[in-house]
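Engineer: Task: produce atomic coordinates for the following.
(chains A and B)
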Amino acid sequence: MEKQIAGKTISVNEEGFMTDFSQWDKAVGEALAAENNLQLTPRHWEVIEYIQKEYKNDVPLSIRKIGKSGVVDIKEFYELFPVAPLKTATKIAGIPKPVSCI
Amino acid sequence: MQEDNGAIRKMMIILSKATLENVYAGFVLANGARMEGIEAEIFFTFFGLEAIHKKKLNDLHIATVGNPAMHMPTLLGGLPGVEALATSMMKKEMEKLDIPDVREFLDILSASGVKLWACKLAMDMFHYNREDMIDELDGILTVGDFYRQGAGVGTHMLFI
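Structural biologist: Numbers count the residues shown, from 1 in each chain, chains lettered A, B, ... in the order given. A predicted model of the protein is given here:
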């Protein structure tokens, strides 16, 4: 389905995850964050950029991987994205929801 | 349904066994709850205490006897070394799937905000002290304390 956000039209699935990363830009990320009651700080952006890089390299994301990333530890990850951090961060980053259970 | 369409807000997991398959079931469910924005607490009772006992948690095994899913004759499962072999095979498979070992999993749970509680009665029964247990333990509770922890709309309790 299509959705209007930050002056653009983006394609999203029924859970609100973007289905075409080429439509993503930082303004879209900020607007998606606002929908999740988050104001993005430079720390948020470091994590989002790491997540996007891993996605582009086809590395499956998990909480454990995030904890070992050297970018952020698990505790801070939950502080930055308090509700469902991996889901929320990937949604803001414009990439699909990770399928990991860990 | 009631408020929130019955959405799950908090998982209260009671872990009463320390066989690897049961410990992992409890840990994966607790961690999975946090990943979905659901609160989670684990109450370790009876043999479940071994999963948070500093000297025992690295040496948990899977059950090869009395476990029909092992597809192994009961007598064979009881032979020396069989349990250790099955455990080491399972641990290798789990590492391939990016599943942490028990010690690392406890770190992840604690960092994710899962509350870890020890059962007071079981602690007394096994003569364990607070110092025997992992530093991340949030406290030692009675059953009544644990029920109070679970108060609120959308709490579910699970016994493993």
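Engineer: only C-alpha atoms for contact and neighbour calcs from this point on.
Structural biologist: OK.
Engineer: need the next SSE after the longest helix anywhere in chain A, C-terminal direction.
Structural biologist: For chain A, the helix that runs over the most residues, judged by DSSP state H, is helix A:42-56. Reading on from helix A:42-56 to the C-terminus, the next helix or strand found by DSSP states H and E is helix A:63-67.
Engineer: Check which helices and strands that next one sits against.
Structural biologist: The contact analysis (3 or more Cα pairs under 8 Å, 6 or more residues apart in numbering or on different chains; DSSP states H and E) places helix A:63-67 against helix A:74-80.
Engineer: Swap in 10 Å and give it another go.
Structural biologist: Other helices and strands packing on helix A:63-67, by 3 or more Cα pairs under 10 Å, 6 or more residues apart in numbering or on different chains; DSSP states H and E, are helix A:42-56, helix A:74-80, helix A:85-93, helix B:20-35, helix B:102-111.
Engineer: coming back round to it: counting contacts, what elements does the longest helix of chain A pack onto?
Structural biologist: By 3+ Cα pairs under 10 Å, 6+ apart, helix A:42-56 packs against helix A:26-35, helix A:63-67, helix A:74-80, helix A:85-93.
Engineer: Look up the closest residue to residue 30, ignoring the ones flanking it.
Structural biologist: Assuming you mean chain A. Excluding its sequence neighbours, the residue lying closest to A:E30 (Cα to Cα, 6 or more residues apart in numbering or on different chains) is A:L40, at 6.7 Å.
Engineer: Sorry, I should have been clearer: chain B.
Structural biologist: B:A30 sits nearest to B:A40 (Cα to Cα, 6+ apart), 5.5 Å away.
Engineer: quick one: the helices in chain B?
Structural biologist: Assigned by DSSP H, the helices in chain B fall at B:20-35, B:74-77, B:82-96, B:102-111, B:120-125, B:143-149.
Engineer: Could you tell me the least trusted of these?
Structural biologist: Mean pLDDT values for the helices of chain B show the minimum at helix B:74-77, a mean of 73.
Engineer: For it, buried residues please.
Structural biologist: Under the neighbour-count criterion of 16 or more other Cα atoms under 10 Å in any protein chain shown, helix B:74-77 has B:G77 buried.
Engineer: So what touches it?
Structural biologist: B:A63, B:T64, B:V65, B:G66, B:N67, B:P68, B:M70, B:H71, B:V82, B:E83, B:A86 (Cα atoms under 10 Å, 6 or more residues apart in numbering or on different chains).
Engineer: Chain A contacts on chain B?
Structural biologist: Residues of chain B lying close to chain A (Cα under 10 Å from any Cα of the partner chain) are B:27-39, B:97-100, B:104-105, B:107-113.
Engineer: go again using 6 Å as the cut-off
Structural biologist: Contact residues (Cα under 6 Å from any Cα of the partner chain) of chain B with chain A: B:G32, B:M35, B:E36, B:G37, B:A111, B:S112.
Engineer: got the residues of chain A near chain B?
Structural biologist: By Cα under 6 Å from any Cα, the residues of chain A that approach chain B are A:I74, A:K75, A:V83, A:A84, A:C101.
Engineer: can you do 8 Å?
Structural biologist: A:R64, A:I74, A:K75, A:Y78, A:P82, A:V83, A:A84, A:P85, A:L86, A:K87, A:C101, A:I102 (Cα under 8 Å from any Cα of the partner chain).
Engineer: Filter the residues you listed down to the buried ones, ChimeraX style.
Structural biologist: To isolate the buried ones among those in ChimeraX, judged by 16+ other Cα under 10 Å, type:
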select /A:64,74,75,78,82,83,84,85,86,87,102
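Engineer: Now distance to B:Y147 and pLDDT too, for the residues of chain A next to chain B, in CSV please.
Structural biologist: CSV is the format used below for the residues of chain A next to chain B (distance: Cα to Cα, whole Å; pLDDT from 0 to 100):
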residue, distance to B:Y147, pLDDT
A:R64, 30, 91
A:I74, 28, 96
A:K75, 26, 96
A:Y78, 26, 96
A:P82, 25, 95
A:V83, 24, 93
A:A84, 25, 94
A:P85, 27, 95
A:L86, 30, 95
A:K87, 30, 94
A:C101, 27, 74
A:I102, 27, 79
